[in-house]
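Student: Pasting the sequence and the predicted model now:
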Amino acid sequence: MFEKQALKQYDRSLDQESWPLLELTDACVYRYRRGEKDIMADLLDVQDTGPYRIRGKLSPVPAEFADIGTPSSSSSSPLLLQRVC
């Protein structure tokens, strides 16, 4: 599942400080190169540059913030963040 499928677009009229912090667990970071197989990134390699793909499990969205997540956002399928720099 991709980030845009799990979370709704941010409503800029709301105060950013009121949004919950969500946790991504069991996260793995992969080097992303178009047309190549993803390779796990060495996060201690200072010469490696992005973009990266991050795959992990998103913590459930708290009930009072249910309007920011889609119904499937709390499922057990991994969340994939694409092209993170």
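Tutor: Received, thanks.
Student: Pull stretch 16-29 out as CSV, backbone CA atoms only.
Tutor: What follows is stretch 16-29, C-alpha atoms only, in CSV (Å, rounded to 0.1, in the frame of the first residue of the first chain):
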residue,chain,number,x,y,z
GLN,A,16,-0.1,21.2,12.1
GLU,A,17,0.5,20.9,15.9
SER,A,18,-2.8,19.2,16.3
TRP,A,19,-2.1,16.3,14.0
PRO,A,20,-1.0,13.0,15.6
LEU,A,21,2.5,11.5,15.2
LEU,A,22,2.2,8.1,13.5
GLU,A,23,4.8,5.5,13.9
LEU,A,24,6.3,3.4,11.1
THR,A,25,7.5,0.1,12.5
ASP,A,26,9.6,-2.7,11.0
ALA,A,27,10.8,-0.2,8.5
CYS,A,28,13.4,-1.0,5.8
VAL,A,29,15.1,1.6,3.6
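Student: outside of it, which residues touch it?
Tutor: 10, 40-41, 43, 52-59, 61-62, 65, 68, 78-79, 81 (Cβ atoms under 8 Å, 6 or more residues apart in numbering). Heads up, the C-betas are built off the backbone N, CA and C, glycines and all.
Student: Could you do stretch 34-45 as well?
Tutor: Here stretch 34-45 has contacts from C28, V29, Y30, R31, Y32, D48, Y52, R53, using Cβ under 8 Å, 6+ apart.
Student: Okay, buried residues for that stretch please.
Tutor: A41 (16 or more other Cβ atoms under 10 Å).
Student: Check the separation of the first and last residues in it.
Tutor: 21 Å (Cα to Cα, to the nearest Å).
Student: now do stretch 49-62
Tutor: Using Cα to Cα, the end-to-end distance of stretch 49-62 comes out at 34 Å.
Student: So for that stretch, what gets flagged as buried?
Tutor: For stretch 49-62, by 16+ other Cβ under 10 Å, it's Y52, R53, I54, R55, G56, K57, L58, V61.
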